[in-house]
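Participant: Sharing a model prediction with you, sequence too.
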Amino acid sequence: MHSRRFLSTTRWALAFGALAGIVVGYRHWLHVNPTTVALTLVLFVLVLAAQWELRYAVAVSIVATAAYNFYFLPPVGTFTIADPQNWLALFAFLGTSIVGSRLSQRARGEAATALRRQRELEVLYLLGRELLQTESVATAVQAVPGLINTSALAESVILYLLDGDRIYQAGLHPITGVEIPHLRQMALTLSAVQPTSGNETLVPIRTGVRPRGLLAIRGASLTPESLEAVGGLVSITLDHAQAIENAAKAEANKESERLRTLILDSITHELRTPLTSIKGAAGALLSNSKMGADDRNELISIVDEEADRLDRLVGQAVEMARIEARDVQMHLESLDILDVVQEAQQNCAWVGESHTIDIHLADAPRIHADRELLEKVICNLLENAAKYSPPSSPIFVSAEVRGESLATSVADRGIGIDPAEQGLIFERLYRSRTQSEGTPGTGMGLAICRAIIEAHHGSLNVTSQVGQGSVFTFTIPLAERL
């Protein structure tokens with residue numbers, strides 16, 4: 001308040017001081033004709049109106065008219081005008097000064113209005129851009145108060161949502177004493193922007209005609225139209241985030257249903273085959289008591305092999321569940337990947353009997369992993385490469401450093417994997433219907449391998465081309481980087 005008064009006093013003093021300087025300068029030092037004096041005074045008043053408020057220009061115009069009459073129009077030294085033409089000049093001067101001042105003030109006002117509208121459009125643009133980037137309702141409602149507070153340069157912002165009577169605040173001066181029943185009543189009844197006491201404005205948030213909540217904004221220098229647009233942006237943001245969430249849930253449900261059907265089909269296929277064999281062999285043994293020893297032993301062998309297959313399937317399912325539940329004790333240590341590959345090669349010796357394994361791991365750095373689990377992963381990848389490759393075809397094992405991990409690859413020259421199935425082979429119990437006919441397996445091996453690698457904070461991926469072979473690559477953190 002004191003600074004405004006001081007500024008106003010200073011401006012009055014400067015305005016009349018400058019007027020006095022013009023009058024004294026022309027009266028005593030610069031002897032010019034009255035027309036030059038009048039034009040100078042008009043120019044001074046116009047400059048004053050353009051820079052300051054209209055009241056300064058009008059007041060100075062009136063005083064300048066009186067001074068012009070007294071000092072420059074004959075008879076000089078009196079307020080009497082002898083020549084009637086001077087009356088016309090005097091009123092023209094006064095009118096020109098006031099009209100010019102008014103036009104200048106109007107131009108300043110329109111410029112200020114244009115700048116304010118530009119600022120409001122910038123606020124709405126920035127706010128809309130930031131809000132529409134949110135993809136969940138929870139993120140949106142958390143971000144809305146802070147974004148409005150920052151964009152609109154407000155003191156504080158409250159977002160109240162009818163759904164759950166939730167309140168979110170932001171700002172340097174949070175609004176205290178907020179009463180939820182009052183906010184609920186205002187949100188249900190308010191249909192337009194409403195200013196309240198304390199430099200605060202209430203903005204309803206609606207979806208169509210349905211009330212959704214309320215914004216309480218304090219200290220924002222925005223017009224009611226802009227505040228209404230802010231409320232519309234918030235409503236659109238919530239609808240947009242809700243739509244994205246619903247679409248994601250629908251997609252997740254669709255994918256879950258697809259995987260559920262896939263797993264059920266796989267379970268039916270994998271369990272029914274050994275059960276059918278066991279049932280058939282057991283039925284033959286029971287129905288034919290005079291069966292020869294060789295036939296009986298063959299049927300008993302079938303029962304034993306299929307029972308082992310069922311046991312292996314159940315064991316892998318239990319192992320998969322334990323790994324996903326983090327119920328496996330991992331013993332991490334610094335390992336040489338070459339040693340692990342060689343041990344895995346010994347555990348699945350049949351692979352080396354039917355295929356040539358070409359290993360290029362001599363310069364590979366040490367890794368940080370669980371030896372037993374990693375051997376299981378490599379053994380499974382070697383066995384898969386052998387199962388789906390022609391006999392005597394080579395299998396390549398190599399590694400390279402990628403950032404802070406070692407990427408180890410197992411490549412074959414087998415039948416390859418269809419691009420449509422490359423994302424599915426890591427799912428539990430999934431087996432290709434076109435490429436796994438006659439090939440033994442449970443459909444759990446790759447799912448277990450990926451779970452083990454992810455437990456090591458790595459990744460397992462495949463690159464494949466039908467008829468050309470496949471490359472399975474897994475990453476494990478380097479020992480020296482930990």
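Facilitator: Received, thanks.
Participant: Now do the same for residue 253: helix, strand or coil?
Facilitator: Put simply, residue 253 is helix when judged by DSSP: H, G, I helix; E, B strand; the rest coil.
Participant: likewise residue 192?
Facilitator: coil.
Participant: Residue 195 now?
Facilitator: Counting by three-state DSSP, the backbone at residue 195 sits in strand.
Participant: ok, the nearest residue to residue 412 once chain neighbours are set aside - contacts?
Facilitator: Excluding its sequence neighbours, the residue lying closest to residue 412 (CB to CB, 6 or more residues apart in numbering) is residue 385, at 3.8 Å. To be clear about C-beta, it is placed using only N, CA and C from the backbone, and glycine gets the same treatment. Residue 385 sits next to 351, 355, 395, 410, 411, 412, 414, 470, 472 when contact means CB atoms under 8 Å, 6 or more residues apart in numbering.
Participant: likewise residue 466?
Facilitator: By CB under 8 Å, 6+ apart, the residues touching residue 466 are 415, 416, 417, 418.
Participant: One more: residue 364?
Facilitator: So residue 364 contacts 336, 337, 338, 399, 406, 408 (CB under 8 Å, 6+ apart).
Participant: What ranges does the stretch 301-450 of the chain have for its strands?
Facilitator: Using DSSP state E, counting those that start in this stretch, the strands of the stretch 301-450 of the chain run over 332-335, 356-360, 367-370, 394-402, 405-412.
Participant: Show me which residues of stretch 453-463 are buried.
Facilitator: In terms of neighbour count (16 or more other CB atoms under 10 Å), stretch 453-463 has its buried residues at 453, 455, 456, 458, 460, 461, 462.
Participant: Extract the C-alpha set from it and format it as PDB.
Facilitator: Taking Å, rounded to 0.1, in the frame of the first residue of the first chain, the C-alpha atoms of stretch 453-463 are listed here in PDB:
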ATOM      1  CA  ILE A 453      17.400 -65.700 -15.800                       C
ATOM      2  CA  GLU A 454      15.000 -63.000 -14.600                       C
ATOM      3  CA  ALA A 455      15.800 -64.100 -11.000                       C
ATOM      4  CA  HIS A 456      19.400 -63.200 -11.800                       C
ATOM      5  CA  HIS A 457      18.200 -59.700 -13.100                       C
ATOM      6  CA  GLY A 458      18.800 -60.800 -16.700                       C
ATOM      7  CA  SER A 459      16.800 -61.500 -19.800                       C
ATOM      8  CA  LEU A 460      16.200 -64.400 -22.100                       C
ATOM      9  CA  ASN A 461      15.200 -63.800 -25.800                       C
ATOM     10  CA  VAL A 462      15.100 -65.600 -29.100                       C
ATOM     11  CA  THR A 463      15.900 -64.700 -32.700                       C
END
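Participant: What are the contacting residues of that stretch?
Facilitator: 323, 326, 328, 330, 332, 368-370, 373-374, 377, 405, 417, 422, 425-426, 446, 449-450, 470-477.
Participant: And these, which of them are buried?
Facilitator: If we count by 16+ other CB under 10 Å, these have these buried: 323, 368-370, 373-374, 377, 405, 417, 425-426, 446, 449-450, 470-477.
Participant: doesn't residue 206 make contact with residue 192?
Facilitator: No. Counting by CB atoms under 8 Å, residue 206 is not a contact partner of residue 192; they are 10.4 Å apart.
Participant: neighbour-wise, which of those two wins?
Facilitator: Relative neighbour count places residue 206 above the other of residue 192 and residue 206, with 16 against 11, counting by other CB atoms under 10 Å.
Participant: can you give me how far the host helix or strand of the more buried one is from the chain middle?
Facilitator: Applying DSSP states H and E as the criterion places residue 206 in strand 200-207. Relative to its parent chain, strand 200-207 has a centroid offset of 25 Å by CA atoms, centre = their mean, to the nearest Å.
Participant: Which helix or strand lies directly C-terminal to it?
Facilitator: Counting by DSSP H and E, what follows strand 200-207 is strand 210-218.
Participant: so what secondary structure elements neighbour that next one?
Facilitator: Packing partners of strand 210-218 (3 or more CB pairs under 8 Å, 6 or more residues apart in numbering; DSSP states H and E): strand 156-161, helix 180-189, strand 200-207, helix 224-287.
Participant: Residue 70 is nearest to which of the ones you listed?
Facilitator: Shortest distance between residue 70 and the helices and strands packed on strand 210-218, using CB to CB, is found for helix 224-287: 50.4 Å.
Participant: now the angle from the closest one to strand 210-218?
Facilitator: Using axes from the mean of the first three to the mean of the last three CA atoms, to 10 degrees, one finds that helix 224-287 and strand 210-218 are set 130 degrees apart in direction.
Participant: Show the average pLDDT along helix 224-287.
Facilitator: Averaging pLDDT along helix 224-287 yields 74.
Participant: Which stretches in the chain count as helices?
Facilitator: Listed in chain order, the helices of the chain (DSSP state H) span 2-24, 34-51, 54-72, 84-131, 137-151, 180-189, 224-287, 293-324, 337-347, 349-354, 371-387, 445-455.
Participant: mind checking which of these is nearest residue 361?
Facilitator: It's helix 337-347; of the helices of the chain, that one is closest to residue 361 (CB to CB) at 4.3 Å.
Participant: which residues sit against the closest one?
Facilitator: Applying CB under 8 Å, 6+ apart, the external contacts of helix 337-347 come out as 351-352, 357, 359, 361-362, 364, 366-367, 369, 371, 374-376, 378-379, 382, 397, 399, 406, 408, 476.
Participant: Restrict that helix to CA atoms and write it as PDB.
Facilitator: Presented in PDB, the C-alpha positions along helix 337-347 are these (Å, rounded to 0.1, in the frame of the first residue of the first chain):
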ATOM      1  CA  ILE A 337      30.800 -69.200 -18.000                       C
ATOM      2  CA  LEU A 338      33.000 -71.700 -19.800                       C
ATOM      3  CA  ASP A 339      33.100 -74.000 -16.700                       C
ATOM      4  CA  VAL A 340      29.400 -73.800 -16.400                       C
ATOM      5  CA  VAL A 341      28.800 -74.600 -20.100                       C
ATOM      6  CA  GLN A 342      31.200 -77.600 -19.900                       C
ATOM      7  CA  GLU A 343      29.400 -78.900 -16.800                       C
ATOM      8  CA  ALA A 344      26.000 -78.500 -18.500                       C
ATOM      9  CA  GLN A 345      27.400 -80.300 -21.500                       C
ATOM     10  CA  GLN A 346      28.300 -83.300 -19.300                       C
ATOM     11  CA  ASN A 347      24.900 -83.300 -17.700                       C
END
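Participant: got the buried residues for it?
Facilitator: Result for helix 337-347 [16+ other CB under 10 Å]: buried residues 337, 338, 340, 341, 342, 344, 345.
Participant: Do me a favour and average the pLDDT over that helix.
Facilitator: Averaging pLDDT along helix 337-347 yields 89.
Participant: roughly how far is it from the heart of the chain?
Facilitator: On the basis of CA atoms, centre = their mean, helix 337-347 sits 44 Å off its chain's mean C-alpha point.
Participant: So what angle separates the directions of it and strand 394-402?
Facilitator: Calculated by the same axes, to 10 degrees, helix 337-347 forms an angle of 150 degrees with strand 394-402.
Participant: quick one: helix 337-347 to strand 356-360, angle?
Facilitator: 170 degrees.
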